[in-house]
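Visitor: Let's see this in three dimensions:
(one chain, ligands or ions: 1)
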Amino acid sequence: MNNSKINISKRLNECLSTQIFDLLIKCGEFTERNSASLFLVGGCLRDILLNKRPKDIDLTLVNGDSNLVQNLSEYLGGKIIFKSQFFTYKLKVNNNIIDITEARKEVYSSPGSLPKITSKCSIDDDLYRRDFTINSMALSLNPASLGNIIDPFNGINDINNKNIRIIHDNSFSDDPTRILRAIRYSIRLNFNIDNQTLSKINEFKSNINSITGFRIKNELIKILREDSRSKILLYLDTLKILDIIQPNINLNTKINEIFDNFQFKDEYIDDLILIGILTYNLNIQNIIYFAEKLYLDSIFIKTLRDTNEIKQLLQNVKLDKLKNSSIYKQLYKYKYEAIIINRYFSNENVCQKIDLYLNKLKDTIPPLNGKEIIALGAKPGPIIKEIMDYLLHEKLDGNIKNKDQAKIKATQILNK
Ligand code: CTP
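Guide: The predicted model follows:
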């Protein structure tokens, strides 16, 4: 094992806030006093070695258990906000989140299945279960060895040489989602996929279909959340992997342009929109196939169905030539995200009408409510809703400006 000692305290100071840095030191001290060891691991350490601020703080605990994690959180004045049966814990201390996992071994009974997990193993075993050399390093937080980096697969060398490399030949057959991860990291970090790793990608890419749709969906969403989503998708396309996930996805210039300009903000809403953009050119049969294969939930499915219906509608109806009430009637039953997805593919005039609908028409309320219509002499029943809709449409078109005008119109209908 190559156990390189690198003084990275400067890096840690640069990449972590003082608060997090102090917290990690306290965690290491507490763990050592309790005869256990704590390491900074995975993407968090990779990012620090790349001089980037890590997104998450991931720690691995060796020789400790849930009691120790519980005691640690109390010692830090925080609490465990999530705990899974797979020996993972999420701690919240002040406003900082720390993920702790007990060192674990994973055994894959068949390719692509979820691994059987056992805890109580060494940090070396824990690193051996991981995907790429650059993600399979650990930095000691124990005071006695603070800053020591355990780098059994020469990850530092691969970081320096900008290389994505699997740590053993079964990595992709164990877990084909790693094929998608390799491509995502290679574009995000601007690293090369090493030749042997690339040939293993080609050997095992069809295994992507052996993993659950739920896991494919998670990886696809991670790709779509990246700034360089269009480059990652193009690379997947070049390697004929996109076709394995879903045939006929057509990454044309328009879709790439939309993806390049997309500013990701909201996790759920933007996931819906990005999936809708990706599948925009599929026909409805392929969309349903895609949704079922990836176990998309009912909100995703409704969004994709609506997107496809609006797309057909916009091909047949000139939205920019319609009066307000007609625009409302065409769009009111569709999900907001489905309208937004279509907006990306629309010309300026149609965009203006879509904006008018979303910013104004959509939230307009009828000028009279049911009680007010009954007070004018209407009998309770379906007629009330019909009058309310009629009045709403008249209001949208500017033919009704206040309650008095609405009452006159309603009375005219009731007297017919
Ligand atoms: N990991 C793995 N195989 C997977 C998923 C994860 O070996 N299929 C390991 C890697 O060591 C990874 C760590 O678990 O670094 C944490 O996973 P995750 O949070 O998904 O990745 P990060 O490396 O933190 O990447 P990102 O920057 O995209 O969050």
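Visitor: got the buried residues for the host helix or strand of residue 67?
Guide: Residue 67 belongs to helix 66-76 when assigned by DSSP states H and E. For helix 66-76, burial by neighbour count (16 or more other C-beta atoms under 10 Å) applies to 68-69, 72-73, 76. (Each C-beta comes from the backbone N, C-alpha and C, glycine too.)
Visitor: now swap in stretch 260-274 and tell me
Guide: 262, 270-274.
Visitor: contacting residues for the residue in the stretch 301-416 of the chain positioned nearest to the ligand?
Guide: Ranked by C-beta to the nearest ligand atom, the top residue of the stretch 301-416 of the chain for proximity to the ligand is residue 337, at 24.4 Å. Residues near residue 337 by C-beta atoms under 8 Å, 6 or more residues apart in numbering: 269, 272-273, 276, 303, 307.
Visitor: How about the protein: which residue is closest to the ligand?
Guide: With C-beta to the nearest ligand atom, the shortest gap between the chain and the ligand falls at residue 43, namely 2.2 Å.
Visitor: Report the contact partners of that residue.
Guide: Contacts for residue 43 (C-beta under 8 Å, 6+ apart) come out as 54-56, 58, 135.
Visitor: among the contacts of residue 337, which are in reach of the ligand?
Guide: Near the ligand, judged by C-beta under 6 Å from any ligand atom, there are no entries from those.
Visitor: Can you flag which of those belong to helices?
Guide: Assigned to helices by DSSP state H, the following of those qualify: 269, 272-273, 276, 303, 307.
Visitor: which parts of this protein sit against the ligand?
Guide: Counting by C-beta under 6 Å from any ligand atom, the chain sits next to the ligand at 42-43, 55-56, 58, 130-131, 135-136, 175, 177-178, 181.
Visitor: ok, the contacts of residue 43 vs residue 414, which is closest?
Guide: The shortest approach to residue 414 among the contacts of residue 43 belongs to residue 55, at 61.9 Å (C-beta to C-beta).
Visitor: Secondary structure element for the closest one, which one?
Guide: Residue 55 is part of no helix or strand, with elements assigned from DSSP H and E.
Visitor: I'd like the numbering to begin with 23 instead of 1 from here.
Guide: Will do, 23 is the new start, and the previous item becomes residue 77.
Visitor: Look up phi and psi at it.
Guide: phi -70, psi -40 (degrees, to the nearest 10).
Visitor: Counting neighbours, what do you get for residue 212?
Guide: Burial measure for residue 212: 10 neighbouring residues, criterion other C-beta atoms under 10 Å.
Visitor: For it, give me its contacts.
Guide: Counted by C-beta under 8 Å, 6+ apart, residue 212 has contacts residue 184.
Visitor: Kindly report the same for the one 10 residues further on.
Guide: Under the criterion of C-beta under 8 Å, 6+ apart, the contact list for residue 222 reads 188, 191, 193-194.
Visitor: Give me the below-cutoff pLDDT ranges for the stretch 73-222 of the chain.
Guide: Per-residue confidence for the stretch 73-222 of the chain (pLDDT under 70) gives these ranges: 134, 141.
Visitor: All the strands of it, residue numbers only.
Guide: Assigned by DSSP state E, counting those that start in this stretch, the strands in the stretch 73-222 of the chain fall at 80-84, 101-105, 110-115, 118-124, 127-129, 138-140, 160-162, 171-172, 185-186, 214-215.
Visitor: Adding mean neighbour count as columns, could you present those strands in a markdown table?
Guide: Listed next are the strands of the stretch 73-222 of the chain as a markdown table, based on neighbours: other C-beta atoms under 10 Å:
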| stretch | mean neighbour count |
| --- | --- |
| strand 80-84 | 23 |
| strand 101-105 | 13 |
| strand 110-115 | 18 |
| strand 118-124 | 19 |
| strand 127-129 | 15 |
| strand 138-140 | 13 |
| strand 160-162 | 25 |
| strand 171-172 | 22 |
| strand 185-186 | 22 |
| strand 214-215 | 18 |
